[in-house]
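Asks: Next come a sequence and a model predicted from it.
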Amino acid sequence: MRKLCALLLLLLFWAQASAQKPTTDQTKTYGFVNGQWFDGKRFRRRIFYSVNGVLTQKKPRTVDDIVDLANGFVIPPFADAHTHNFDGLFNLERQINSYLRDGVFYAKVQTNTKSGASQSAAKVNVPTSVDVAYAHGALTASYGHGVEVYEGLAVLRKPGANTPAEVQQLRQSRLRENDAYYIIDTAEDLERKWSRILAAKPDFLKIYLLTSEEFERRRARTDTIGDRGLEPKLVPIIVAKARAAGLRVSAHVDTMTDYRIALAAGVDEMAHLPGYYVALDTGLEKVLLTEQDARETARRKVWVIPAPIAHGDWIGKAVRERSDDALRRNLKLLHANRARIAFGSDRYGSTPLDDVLHLHRLGVFTNLEMLKIWAEDTPQTIFLDRSIGHLREGYEASFLVLNGNPLTDFAQIKNIRLRFKQGTPIVLPVKTKP
Ligand SMILES: [Zn+2]
């Protein structure tokens, strides 16, 4: 214990000393002793080294620092496959610190303003911060979902309209067009705007589908905003263009009609699992997967992100129970068919910690499965080409050390003692009392 405290003091000193320079020295070589390392099934006693930010079990000629892990349980860092954080300087430091605190080192921003991402760029994707993949502007229809959120934030400082006058105000506003969203009503729109979409250099493409079974009826309305998505017949065209440009496609889906359109069009990822919010007047058949849907999802290797899960108390008991029921049934089907699942939050300002804990309480997955989905699988749908998600030879030296075993007590995922990212110790700001 004394050794560990000395180490933490050293790290704090090191952090203060290096606070001036934003880059970190990844050339420092560490040896990690007395740790129990997760190997995908269980924890094993191993000695690992970090050399140039990469894990190895081969002892290097010189080791700059030996870190005593004091029997801690070492796991890969967590990830958030659906967030809207890291979009601009507002609250950015706080978001980064809360992600690092919860051990969430990778995040996928499923729509943001390109201008906000440019402001955040210097503060993310460095060893001492969160690594972020951005969709930038999403593809939607005129007056479609996304427009009400971003025009609302720009004009009314809230994500949407509450009165008929506000609806008309947002329907006329175009402040965030080609920044947070692109209006695609026709194949010609897509052709015309495609080079602009690519010029923003998105890490992946985000598209919005929303209750597609009512698309025609909703498109005709002039008294609403945000209640529709892309015209279904455009979706396969968009996916084909994205493929040709080497971009993966993530789809916002609310109902099973949306889900099936996205699946048939060949998207790579469902940014939601239908049933994430089941209103009292929504029939369960609208949001429940069939065996065939689950099988097809697995066959096509499509990722599904059940987000959000932890809505908070505002949702009410009845909707909570309906949503939990739908979530449980859909996830069981997907899991039985071995579909790919990733965890996310989709709650602005939050990490997925509460969503993951809520999902754990639903009892669909074992502790081992929960850990593997969050620490091994979820990073894979954010950064496909990186050696992350496992504690193996040649993988990035990024890990969390827990005080207890999460396989026997899942709540130990909150009990993080030490954080390393790409061979760099992560030092959190000291929490001060309000
Ligand atoms: Zn979202």
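Replies: Perfect, thanks for sending it.

Asks: Which element, helix or strand, includes the residue of the stretch 251-400 of the chain found nearest the ion?
Replies: When distances are taken as C-beta to the ion, the stretch 251-400 of the chain reaches nearest to the ion at D346, 4.2 Å away. For the C-beta atoms, the positions are set from N, CA and C on the backbone; glycine is no exception. Using DSSP states H and E, D346 sits within no helix or strand.

Asks: What pLDDT is listed against K372?
Replies: For K372, the pLDDT comes out at 98.

Asks: pLDDT value on the closest residue to it other than its chain neighbours, please?
Replies: Closest residue to K372 apart from its sequence neighbours, by C-beta to C-beta, 6 or more residues apart in numbering: G40 at 7.1 Å. G40 carries a pLDDT value of 98.

Asks: and the stretch 51-200 of the chain, which of its residues are near the ion?
Replies: With C-beta under 5 Å from the ion as the criterion, the stretch 51-200 of the chain comes near the ion at residues Q110.

Asks: Where do the strands of the stretch 51-200 of the chain begin and end?
Replies: Remark: strands assigned in the stretch 51-200 of the chain by DSSP state E, counting those that start in this stretch are 54-56, 65-68, 73-75, 78-83, 104-109, 131-134, 138-140, 181-183.

Asks: and A240, which of the ones you listed is closest to it?
Replies: Among those, the nearest to A240 by C-beta to C-beta is strand 138-140 (13.4 Å).

Asks: So which elements touch the closest one?
Replies: When contacts are defined as 3 or more C-beta pairs under 8 Å, 6 or more residues apart in numbering; DSSP states H and E, strand 138-140 sits against strand 181-183, strand 205-208.

Asks: Enumerate the positions of it that are buried.
Replies: A138, L139, T140 (16 or more other C-beta atoms under 10 Å).

Asks: Kindly indicate which of the residues you listed lies nearest R61.
Replies: Proximity of those to R61 (C-beta to C-beta) peaks at A138, which lies at 50.2 Å.

Asks: That closest one against Y181, yeah?
Replies: Yes. Using C-beta atoms under 8 Å, A138 is in contact with Y181, at 5.4 Å.

Asks: where do the contact lists of these two overlap?
Replies: T111, G146 (C-beta atoms under 8 Å, 6 or more residues apart in numbering).

Asks: With the flanking residues excluded, which residue is spatially nearest to L362?
Replies: R328 (5.2 Å).

Asks: If the residue lying closest to L69 once chain neighbours are set aside is in a bridge, with which residues?
Replies: In space, and not counting its chain neighbours, L69 is closest to G35: 3.5 Å by C-beta to C-beta, 6+ apart. Per DSSP bridges, the residues bridged to G35 are R46.

Asks: G35 and R46 touch, don't they?
Replies: Yes. Counting by C-beta under 8 Å, G35 does reach R46; the two are 6.8 Å apart.

Asks: Those two: which has the busier surroundings?
Replies: With neighbours defined as other C-beta atoms under 10 Å, G35 and R46 compare such that G35 has more, 24 against 15.

Asks: Spit out the contact partners of that one.
Replies: R45, R46, I47, F48, L69, N71, G72, F73, V74, V401.

Asks: Buried by neighbour count, from those residues: which ones?
Replies: Buried, going by 16+ other C-beta under 10 Å: F48, L69, G72, F73, V74, V401, out of the contacts of G35.

Asks: Tell me how many other residues crowd the closest residue to L156 other than its chain neighbours.
Replies: Excluding its sequence neighbours, the residue lying closest to L156 (C-beta to C-beta, 6+ apart) is E166, at 6.2 Å. By other C-beta under 10 Å, 17 other residues sit near E166.

Asks: Isn't E166 up against P159?
Replies: No. E166 is beyond contact range of P159, at 11.8 Å (criterion: C-beta under 8 Å).
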